[in-house]
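Asker: Everything below, folded, please.
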Amino acid sequence: MSRILFWIALIALVVFAVRSKLRAIQRRNTPPPPPRPPAQGGEIEAMAQCAHCGVYFPASEAVRADGLDYCSPGHVRLPPR
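Answerer: Residues are numbered from 1 along each chain as shown. The predicted structure is shown next:
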């Protein structure tokens, strides 16, 4: 019985080694992905922090009330932290 387990383990080890070598060869032969184009508009948008939950989000999506920025209309009704 131990001989059978030995051969099964040996075969599994060989299969694992061959598969890892094939993956390494395949990774070397694939070209790297092209660089990503710059963001449209080329400008970085300012971020705002919600006065209630503290989550950061784009300032253009802010809901303003009482001089504070909120991430959603639902948080406008809740107290700032």
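Asker: check contacts around residue 78.
Answerer: With contacts taken as C-beta atoms under 8 Å, 6 or more residues apart in numbering, residue 78 has the following neighbours: residue 52. In this view, the C-beta of every residue, glycine as well, is placed from N, C-alpha and C.
Asker: Secondary structure element for the residue nearest in space to the middle of the chain, which one?
Answerer: Centroid-nearest residue in the chain: residue 36, 15.9 Å away (criterion: C-alpha atoms, centre = their mean). Under DSSP states H and E, no helix or strand contains residue 36.
Asker: all helices of this structure, in order?
Answerer: Under the criterion DSSP state H, the chain contains helices at 2-29, 73-76.
Asker: Quick check: buried residues in the shortest one?
Answerer: When you say that, I think you mean helix 73-76. Residues of helix 73-76 classed as buried under the neighbour-count rule (16 or more other C-beta atoms under 10 Å) are 75, 76.
Asker: Please apply the same query to stretch 43-62.
Answerer: Here stretch 43-62 shows 48, 49, 50, 51, 52, 57, 62 as buried, counting by 16+ other C-beta under 10 Å.
Asker: Pipe those residues into JSON lines and attach distance to residue 17 and pLDDT per row.
Answerer: Putting those into JSON lines (distance: C-beta to C-beta, whole Å; pLDDT from 0 to 100) gives the following:
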{"residue": "48", "distance to residue 17": "53", "pLDDT": "94"}
{"residue": "49", "distance to residue 17": "52", "pLDDT": "95"}
{"residue": "50", "distance to residue 17": "53", "pLDDT": "95"}
{"residue": "51", "distance to residue 17": "58", "pLDDT": "94"}
{"residue": "52", "distance to residue 17": "56", "pLDDT": "93"}
{"residue": "57", "distance to residue 17": "49", "pLDDT": "94"}
{"residue": "62", "distance to residue 17": "56", "pLDDT": "93"}
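Asker: Show me which of those residues is closest to residue 3.
Answerer: residue 57 (64.3 Å; C-beta to C-beta).
Asker: Before I go, just wanted to say thanks for your time.
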